[in-house]
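Asker: what's the 3D shape of this:
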Amino acid sequence: MPDPTTPHPGATQPPPPQNPFAAPPTHRLRVVVADDNPVVRAGLTALLSGRPDIEVVAEAADGRQAYEAAHQHRPDVVLLDVRMPGVDGISALPYLVQIAPVVMLTYSRESEIVQEALRRGAGGYLVHGEFTADQLVDAVRDIKEGRAHFTPTAAGALLAQLRQDRASTPPLPEGLGRTSSATAYGIPTSVQSYTQSQPAVPSAPFSPSTASPAPTSPENLSQVQPHVGQSSSGWTSGRPAAPDRSRFQLSTREAEIMDLIASGMNNQQIAATCFISEKTVKNHINRIFAKLHSTSRSEAAAKWIGTAPDTHRGLG
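Answerer: So this is what the prediction gives:
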């Protein structure tokens with residue numbers, strides 16, 4: 001006689017009981033990556049998508065695409081480059097922050113651009129070559145929670161602005177030490193000064209055709225740095241491109257690696273960004289040095305960005 005406690009072979013097995021102490025499934029942090037360099041976009045997407053709690057839901061090549069992607073996917077965080085063709089990152093920034101927190105992730109390191117990005121609502125500013133992969137992931141997670149992140153160059157620009165504001169602050173009213181709040185005298189703290197200088201949120205929807213800048217000073221990025229509407233391929237670490245780079249006769253890959261060298265990246269970071277081995281990076285660098293008649297990274301970078309003494313006199 002069969003055991004009544006043994007289930008019939010064809011019977012449906014009941015699901016196993018759920019563990020009441022198991023952690024609930026976590027929400028994956030959704031990210032939009034906006035950068036006009038497809039290699040950088042691919043590298044960032046691969047790096048972030050490799051984390052179990054992060055998902056890159058869309059990529060964008062300029063500010064217009066970034067806004068459209070953010071509007072469609074409603075991400076938790078937007079990674080935004082500064083210099084992109086068409087609608088640049090600074091112009092798109094006030095519209096994007098209405099949808100999700102934005103962290104600038106760029107080679108542009110000028111203090112004026114860092115300060116303008118903060119005025120327009122950026123929640124952080126990271127300069128390529130100044131952070132590790134883990135630090136980037138931590139920054140993305142923290143930006144979602146409202147915790148700002150700045151790499152050393154951006155932090156220095158912010159500190160310089162705060163010092164400048166402090167130098168222009170009038171003497172404190174007499175008796176200030178007897179009150180518990182400086183705001184009683186109308187004196188904003190350093191954080192409040194940036195908050196109060198934020199532009200009003202644009203009331204009109206983002207218009208890709210007009211890309212109206214936020215009502216801040218300077219009115220748009222082109223007044224901060226010329227040629228902003230041009231592709232970032234003409235820029236290296238936020239500095240103007242050297243004239244007539246064609247004379248160096250670098251291949252497309254060598255020019256890309258030279259851009260990364262000039263931005264301050266080491267061989268390991270370049271290999272990760274370009275998805276090649278460090279040995280291949282070294283081989284490229286040897287050929288680059290030969291073509292630029294350089295014996296060091298700093299010498300090659302100076303010639304590439306146009307600051308070497310012999311830049312305009314030929315290679316010699």
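Asker: how close does residue 94 sit to residue 105?
Answerer: As judged by CB to CB, to the nearest Å, residue 94 and residue 105 stand 18 Å apart. Placement of C-beta: from N, CA and C, glycine included.
Asker: which SS class is the residue nearest to residue 44 when sequence neighbours are not counted?
Answerer: Nearest residue to residue 44, sequence neighbours excluded (CB to CB, 6 or more residues apart in numbering): residue 33, at 4.9 Å. Using DSSP: H, G, I helix; E, B strand; the rest coil, the secondary structure recorded for residue 33 is strand.
Asker: what about residue 33, how many residues nearby?
Answerer: Residue 33 is flanked by 27 other residues according to other CB atoms under 10 Å.
Asker: what's near enough to touch it?
Answerer: 41, 44-45, 48, 56, 58-60, 79 (CB atoms under 8 Å, 6 or more residues apart in numbering).
Asker: out of those, who has the most neighbours?
Answerer: The residue in those with the most neighbours, by other CB under 10 Å, is residue 79 (31 neighbours).
Asker: wait, a strand at it?
Answerer: Yes. Assessed by three-state DSSP, residue 79 belongs to a strand.
Asker: measure it to residue 50 for me?
Answerer: Between residue 79 and residue 50 the computed distance is 15 Å (CB to CB).
Asker: tabulate the contacts of residue 33 (TSV), appending distance to residue 274 and pLDDT.
Answerer: Formatted as TSV, the contacts of residue 33 follow (distance: CB to CB, whole Å; pLDDT from 0 to 100):
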residue	distance to residue 274	pLDDT
41	13	90
44	13	91
45	14	91
48	17	92
56	19	95
58	22	95
59	17	96
60	21	95
79	18	96
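Asker: among the residues you listed, which lie within strands?
Answerer: Taking DSSP state E, the ones among those that sit in strands are 56, 58-60, 79.
Asker: give me the low-pLDDT residue ranges for the stretch 201-316 of the chain?
Answerer: Scanning the stretch 201-316 of the chain for pLDDT under 70 picks out 201-244, 308-316.
Asker: can you give me the helices in it?
Answerer: Ranges of helices in the stretch 201-316 of the chain, per DSSP state H, counting those that start in this stretch, are 221-224, 252-262, 267-274, 278-292, 297-305.
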